[in-house]
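K.L.:
missing the sequence, but the structure's below:
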């Protein structure tokens, strides 16, 4: 009579094949955690157009704005990273549905931007229905 040696890796029916660990639940958990972190994280949208913002000692962090209007030093105007003419700014804001009672906008103006262009831009934004307008500045703490 032959005796079989039973070890931890031998099944009761005598099959000596290696045990396989099912990784499906582990992969499922990794994807669930990934989705959880993506949904709960907040993303900061920065403008792709580089401007030299003026410094302000009293600069405060603004709430999320629906519209970001950037004015470069040479007078180009960008609405949410798309170039737009000053005469079309109002209609583009209305087309995108960014105006209305709860609409808000942030203007990122370069330090060399003429004040007249800044005022015209603010006027077009207000005519589009946005009443909450902020002008971005950098605080001394932001600069290296």
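P.N.:
Good, I have the coordinates. Keep in mind it's a predicted model, so treat the numbers as computed, not measured.

K.L.:
C-alpha only now, for contacts and for neighbours.
P.N.:
Fine.

K.L.:
ok, residue 106 touching residue 137?
P.N.:
No. In this structure, residue 106 is not within contact of residue 137 by Cα atoms under 8 Å, at 10.3 Å.

K.L.:
Sketch out the low-pLDDT regions of this protein for me.
P.N.:
Residues of the chain meeting the criterion pLDDT under 70: 1-19, 42-63, 100-101, 139-144.

K.L.:
can you pull out the helices in it?
P.N.:
Secondary structure of the chain (DSSP state H): helices located at 24-40, 89-96, 115-127.

K.L.:
Dump those to TSV, plus mean neighbour count and distance to residue 69.
P.N.:
Converted to TSV, these look like this (neighbours: other Cα atoms under 10 Å; distance: least, Cα to Cα, whole Å):
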stretch	mean neighbour count	distance to residue 69
helix 24-40	11	27
helix 89-96	16	9
helix 115-127	16	8
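
K.L.:
Of all those helices, which one is nearest residue 133?
P.N.:
With distances scored as Cα to Cα, the stretch of those nearest to residue 133 is helix 115-127 (7.5 Å).

K.L.:
Next, the angle from the closest one to helix 89-96.
P.N.:
Helix 115-127 and helix 89-96 are oriented at 30 degrees to each other (axes from the mean of the first three to the mean of the last three Cα atoms, to 10 degrees).

K.L.:
Quick one: residues in contact with helix 115-127.
P.N.:
Helix 115-127 has contacts (Cα atoms under 8 Å, 6 or more residues apart in numbering) with 71, 75, 86, 89, 90, 93, 105, 109, 131, 133.

K.L.:
Let's see which of these end up in strands.
P.N.:
Residues of these located in strands (DSSP state E): 71, 105, 109, 133.

K.L.:
so who does the second one touch?
P.N.:
By Cα under 8 Å, 6+ apart, the contact set of residue 105 is 65, 66, 67, 68, 69, 125, 130, 132, 133, 134.

K.L.:
what does residue 28 give?
P.N.:
Contacts of residue 28 (Cα under 8 Å, 6+ apart): none.

K.L.:
hang on, the earlier thing: if we take the contacts of helix 115-127, which one ends up nearest to residue 27?
P.N.:
residue 105 (42.2 Å).

K.L.:
quick one: the closest one and residue 116, what's the gap?
P.N.:
Separation of residue 105 from residue 116 (Cα to Cα, to the nearest Å) stands at 18 Å.
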